[in-house]
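> Any chance you can model this:
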Amino acid sequence: MDYIQGFDRKQEILFPAKIDDYIEEENLVHFIEAFVALLDLMVLGFTHAEVNSTGRPSYNPADLLKLYIYGYLNRIRSSRKLEKECFRNIEVMWLLKKLAPDHKTIADFRKNNPVAIKKVFKEFVLFCKELDLYGGEVVSTDGSKFKAVNSKKRNFNAEKLLQKLKDIEEKIAAYLKELEENDKIESSIKLPDAKELKEKIQQMEERKKEYEGLQKTLETTGETQISLTDPDSRMMMGNQKFDVSYNVQTTVDAKNNLILDYEVTNEGNDKNQLNEMATRAKDILEVESLEVLADKGYYNPEEIRKCTENNIIPIIPEPKPKQFKEGNVPEPEYYENQFKYDSNKDVYTCPGGRELAYSGDSIKNKKNMREYKSDCCNTCEFKSKCTTNKNVRVIFRWEHEKVLEDMRERVKNNPDSVRKRNCMSEHPFGTIKRGFNQGYFLTKGLVKVAGEMGLTMLAYNIRRVINILGMNKLMEIMNPG
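Got it, this is the predicted structure:
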């Protein structure tokens, strides 16, 4: 018995006469074609959406958009690789009607249309909303770091620049010392050429001027760091390591785990993102109230207060108290979180059973605080455990502390909310980074990477909707006739 044999390469074979015959009815390209046809590219702001009456004809932005959507759905993001697909991929040939734009045209489309591409993602969100795929009751917001087009070596902060300048000065001093020794030692001993040493010194001096210029830029702008390749990127901690990245925020709806909204920032943490993302989600869903789940990284009292004022209900676990001394408190059992507040009497009760009454207002960490003290502190046998202050122990209560207390109660009464948030927010990021291999950017600048991320988010949502509805059902919706 022999192996299964293929055709003789020299044998004539009759292929189907039409490209359309190669594409099955359930092929993804049918949906891409139908979806892009629904978009008004001129209203969305795509370049060349309006045909010029003079000059060289340009490619239809619809064709380039279809090419990118197909590429991001199939882990092909490079403009050069997309160019190759136009010549060898039958699905791309069908989608673009055998057009084959060069890689520069493809790259320029993504670079020149970041805002319009982001609007395409929003259009698909509205499409999903019309299909009732968003629940509009519970959303989860989370952030993840995506690597920027900027190496660690080309990112500087004040401390790193000081160290670089110190190293350069030491090298210059060493080179000068070598030049001096060259004059004293016999010529028979082979030493670095004086000209070569002077060239090295000059290089060091030029680099020193460059670093000093960067120092001045940091001082002038007030920024904490500067990146040379992608000026908007920042050094951040992600996956337990530092890298030059962007912080991508997403909001995911609980009904089908579809991404509702996203934003790309260059802030290293999530503390200032909660209210902005939650309010935008509420506006997109057009609901009166919304429950928002987030992790401890979003715990910011001021952001939580803003949410509650906007009829948004946050559920965020409170970070654990730090395991070292809290100010002047010697013993952990007397940390501030061990004092119980009675709202009816407006007093705190310390672990020793004494009451601390309201004594006046103050400002602490730029917040309006209410102070609570006890007259019994100086005679209390537990004072040495409670405080090292010579005077009485003082408890500061934020004027909006009730907002945080209510949220602590919600977290306590909803223990499954943390696990639910993990399933909602971690899955999209995991799929995008692992399944799609899109955990890094190819473009530079905050505006451009935000547009590029729109293609990634759109690709994720399209895959998700196909898994939920199936291609046949989706095409029935797209083509009801």
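
> for the protein, what's the longest helix?
helix 194-221 (DSSP state H).

> what's the spacing between the helix or strand following that helix and its chain's center?
Counting by DSSP states H and E, the next helix or strand C-terminal to helix 194-221 is strand 225-227. Relative to its chain's centre, strand 225-227 lies at 18 Å (CA atoms, centre = their mean, to the nearest Å).

> Who does the most centrally placed residue in the chain form a beta bridge with?
Central residue of the chain (CA atoms, centre = their mean): residue 248, 1.3 Å from the mean position. Beta-bridge partners recorded for residue 248 (DSSP bridges): residue 144, residue 264.

> Outline the domain layout of this structure.
19-112, 139-149+233-317+410-443, 153-226, 332-400 (automatic domain parsing).

> and the ones you listed as TSV, adding mean pLDDT and distance to residue 467?
To be clear about C-beta, it is placed using only N, CA and C from the backbone, and glycine gets the same treatment. Shown next, in TSV, are the domains of the chain (pLDDT from 0 to 100; distance: least, CB to CB, whole Å):
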stretch	mean pLDDT	distance to residue 467
domain 19-112	93	12
domain 139-149+233-317+410-443	94	9
domain 153-226	81	39
domain 332-400	89	42
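
> most neighbours per residue, which of these?
domain 139-149+233-317+410-443 (a mean of 19; mean count of other CB atoms under 10 Å).

> Do you have the helices of the stretch 51-200 of the chain handy? List them.
61-73, 79-88, 90-96, 103-112, 114-130, 158-182, 194-221 (DSSP state H, counting those that start in this stretch).

> Any idea how far apart the tips of stretch 389-403 sit?
In stretch 389-403, first residue to last residue: 30 Å (CA to CA, to the nearest Å).

> Can you tell me what sits against that stretch?
With CB atoms under 8 Å, 6 or more residues apart in numbering as the test, stretch 389-403 has contacts from 301, 304-305, 308, 328, 336, 339, 341, 343, 348, 350, 356, 362, 364, 367-375, 377-378, 383, 386-387, 404.

> In helices only, show me those residues.
301, 304, 305, 308, 383, 386, 404.

> Now do the nearest residue to the first one once chain neighbours are set aside, the pLDDT please.
If you skip the residues right next to it in sequence, residue 301 has residue 404 as its closest partner in space, 5.9 Å away by CB to CB, 6 or more residues apart in numbering. On the pLDDT scale, residue 404 is placed at 93.

> Kindly provide the distance from residue 404 to residue 142.
Using CB to CB, to the nearest Å, residue 404 is found at 21 Å from residue 142.

> Now do the strands in the stretch 201-350 of the chain.
225-227, 234-238, 241-253, 259-265, 290-293, 312-315, 340-342, 347-349 (DSSP state E, counting those that start in this stretch).

> in its sheet, what does the second one sit against?
Put plainly, it is strand 234-238. So strand 234-238, judged by DSSP bridges, has these partners: strand 241-253 (antiparallel).

> could you check the angle strand 259-265 makes with the partner strand?
150 degrees (axes from the mean of the first three to the mean of the last three CA atoms, to 10 degrees).

> Just the C-alpha atoms of strand 241-253, please, in PDB.
Extracted in PDB, the C-alpha atoms of strand 241-253 (Å, rounded to 0.1, in the frame of the first residue of the first chain):
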ATOM      1  CA  LYS A 241       8.300  43.700  35.300                       C
ATOM      2  CA  PHE A 242       9.100  47.200  34.000                       C
ATOM      3  CA  ASP A 243       8.700  48.100  30.400                       C
ATOM      4  CA  VAL A 244       8.100  51.200  28.300                       C
ATOM      5  CA  SER A 245       4.300  50.800  27.600                       C
ATOM      6  CA  TYR A 246       0.900  52.300  27.400                       C
ATOM      7  CA  ASN A 247      -1.900  51.600  29.900                       C
ATOM      8  CA  VAL A 248      -5.000  50.400  28.000                       C
ATOM      9  CA  GLN A 249      -8.300  50.700  29.800                       C
ATOM     10  CA  THR A 250     -11.400  48.600  28.900                       C
ATOM     11  CA  THR A 251     -15.000  48.500  30.000                       C
ATOM     12  CA  VAL A 252     -16.700  45.100  29.500                       C
ATOM     13  CA  ASP A 253     -20.400  44.400  29.800                       C
END
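
> Check the offset of it from the chain's centre.
Strand 241-253 sits 2 Å away from the centroid of its parent chain (CA atoms, centre = their mean).

> cool, stretch 215-230 as well?
21 Å.

> got the contact list for it?
By CB under 8 Å, 6+ apart, stretch 215-230 touches 148-151, 154-158, 161, 165, 214, 233-235, 244, 444-445.

> If we use 7 Å, what do you get?
Around stretch 215-230, the neighbours that count as contacts under CB atoms under 7 Å, 6 or more residues apart in numbering are 148-150, 154-158, 161, 214, 233-235, 244, 444-445.

> And for stretch 372-386?
329-331, 334, 347-348, 350, 352, 354-359, 392-395, 397.

> you'd agree residue 356 is up against residue 347?
Yes. With contact defined as CB atoms under 7 Å, residue 356 counts as touching residue 347 (6.3 Å).

> quick one on the thing from earlier: the residue nearest to the centre of the chain contacts residue 141, correct?
No. Between residue 248 and residue 141 there is no contact under CB under 7 Å: 11.4 Å.

> Need phi/psi at residue 102.
Main-chain dihedrals, residue 102, degrees, to the nearest 10: phi -80, psi 170.

> Use 34 as the first number from now on
In the new numbering, first residue 34, that becomes residue 135.

> How about the contacts made by it?
Residue 135 neighbours (CB under 7 Å, 6+ apart): residue 116.

> ok, now residue 204?
residue 237.

> how close does it get to residue 198?
Counting by CB to CB, the gap from residue 204 to residue 198 is 11 Å.

> got it, and residue 509?
67 Å.

> do the same with residue 140
Residue 140 is 38 Å from residue 198, by CB to CB.

> which residues are contacting stretch 304-311?
174, 176, 282, 284, 294, 296, 298, 323, 325, 327, 331, 333, 336, 339-340, 345, 347.

> Based on its surroundings, how many neighbours for residue 509?
Applying other CB atoms under 10 Å, we find 11 residues neighbouring residue 509.

> and which of the contacts of stretch 248-263 is nearest to residue 467?
residue 181 (19.2 Å; CB to CB).

> got a list of what residue 116 touches?
Here residue 116 is in contact with 135, 136, 139 (CB under 7 Å, 6+ apart).

> how close does the closest residue in space to the last one that isn't next to it in sequence get to residue 244?
Right, the one you point to is residue 139. Nearest residue to residue 139, sequence neighbours excluded (CB to CB, 6+ apart): residue 112, at 4.1 Å. Separation of residue 112 from residue 244 (CB to CB): 34 Å.

> just residue 87 next, same as before
Using CB to CB, we find residue 87 at a distance of 50 Å from residue 244.

> Report the contact partners of the spatially closest residue to residue 275 that is not a sequence neighbour.
Once flanking residues are discounted, residue 275 sits nearest to residue 268: 5.7 Å by CB to CB, 6+ apart. Applying CB under 7 Å, 6+ apart to residue 268 gives the contacts 188, 258, 275, 277.
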